[in-house]
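K.L.:
this one's sequence-less:
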């Protein structure tokens, strides 16, 4: 019998650290993932957009291709109308929460992820039992 999947939504910063092999954060993130053999990784269409800004801006085609290959290895979740409404509720209840962060959180919650991994200290208070600042 296999492990029950543990659904982890990666904030865009974590995805970028992994794909760009960030010197300070990639290895630590990879170790955390290795310690969760039951992990299944999720991102959203918004993550795809945020990750590709840098390669598009710099014209770095190899990095763009590396991101696209990585997107194929994780599950990309759609941002549904229900998630948009939940994002609005999150922003209403947390006035300092930015729209992209609200959309990420709401999408992860809507799609029943178990944790939201980030390096953004501003998100811990929004859904404390769900957001995990891994770095």
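P.N.:
Cool, got the structure. Model, not experiment: these values are computed from the prediction.
K.L.:
quick one: pLDDT of residue 4?
P.N.:
You'll see residue 4 listed with a pLDDT of 86.
K.L.:
what does residue 106 give?
P.N.:
98.
K.L.:
Give me the phi and psi angles of it.
P.N.:
phi -60, psi -40 (degrees, to the nearest 10).
K.L.:
What is the burial count for it?
P.N.:
Close neighbours of residue 106, defined as other CB atoms under 10 Å, add up to 24. (Each C-beta comes from the backbone N, C-alpha and C, glycine too.)
K.L.:
Identify the residues contacting it.
P.N.:
83, 84, 85, 86, 87, 89, 90 (CB atoms under 8 Å, 6 or more residues apart in numbering).
K.L.:
ditto for residue 101
P.N.:
120, 122, 123, 126.
K.L.:
Give me the three-state assignment for it.
P.N.:
Following DSSP: H, G, I helix; E, B strand; the rest coil, we place residue 101 in the helix state.
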